[in-house]
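*Asks:* A predicted structure for the sequence below; I have some questions about it.
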Amino acid sequence: MTRIVSSPLVRARCTAKILGEYSGSSPLVDDRLREIDDGPWTGLRLPAIEHRFPHEFATRSFFAEKLRLSSSETLGAVYRRCTRFLIDVLHRSGNEDVLVVSHGVVNALLLCAALGASSRLVREFSLPNATVSALRTKRRTIVAVERELDAVTE
């Protein structure tokens, strides 16, 4: 692995560090890879969110792109930062392999951006934890998206 780029959140940085030790690369941190800021939902589990915010939870379930919570980030804002990150990686990476360690919503939106899909399709690109997706490029253009490996279960 030529370059590893990680979310600034602890669990992603820890994963990136382990991968870096294995590959001999020092991980870089990019704030654009942080998970979506859910404002008042941060730190809550889904049952608690559904109980405390039933209307907003229903909106998230069916129209995630329309959800607006006080002091939270919109799906559109996260999509824009994911798109900017992806463009930067394409323009700066040349022929090097880049491994990105991030989180559920961000990973799904990176795949949406890679395929030129709307953020409204984020659910269709949702993947289980520990899934590896490969973006194949040619001349700094994404030519294929491949799901390489699913989470290992015992």
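*Replies:* Great, that's in hand. Residues are numbered from 1 along each chain as shown.

*Asks:* relative to the whole chain's centre, how far out is the longest strand anywhere in the chain?
*Replies:* Counting residues, the longest strand in the chain under DSSP state E turns out to be strand 141-149. If you compare the mean C-alpha spot of strand 141-149 with that of the full chain, they lie 15 Å apart, counting by C-alpha atoms, centre = their mean, to the nearest Å.

*Asks:* against which helices or strands is it packed?
*Replies:* Using 3 or more C-beta pairs under 8 Å, 6 or more residues apart in numbering; DSSP states H and E as the contact test, the elements touching strand 141-149 are helix 104-115, strand 132-138. Placement of C-beta: from N, CA and C, glycine included.

*Asks:* mind telling me which of those the model trusts least?
*Replies:* When mean pLDDT is averaged over each of the helices and strands packed on strand 141-149, strand 132-138 scores lowest at a mean of 81.

*Asks:* where exactly do the helices run in this structure?
*Replies:* When assigned using DSSP state H, the helices of the chain occupy the ranges 10-23, 46-52, 54-63, 75-93, 104-115.

*Asks:* which of the ones you listed is buried the deepest?
*Replies:* helix 104-115 (a mean of 21; mean count of other C-beta atoms under 10 Å).

*Asks:* now do that one against strand 132-138, angle only.
*Replies:* Here helix 104-115 runs at 20 degrees with respect to strand 132-138, directions being taken by axes from the mean of the first three to the mean of the last three C-alpha atoms, to 10 degrees.
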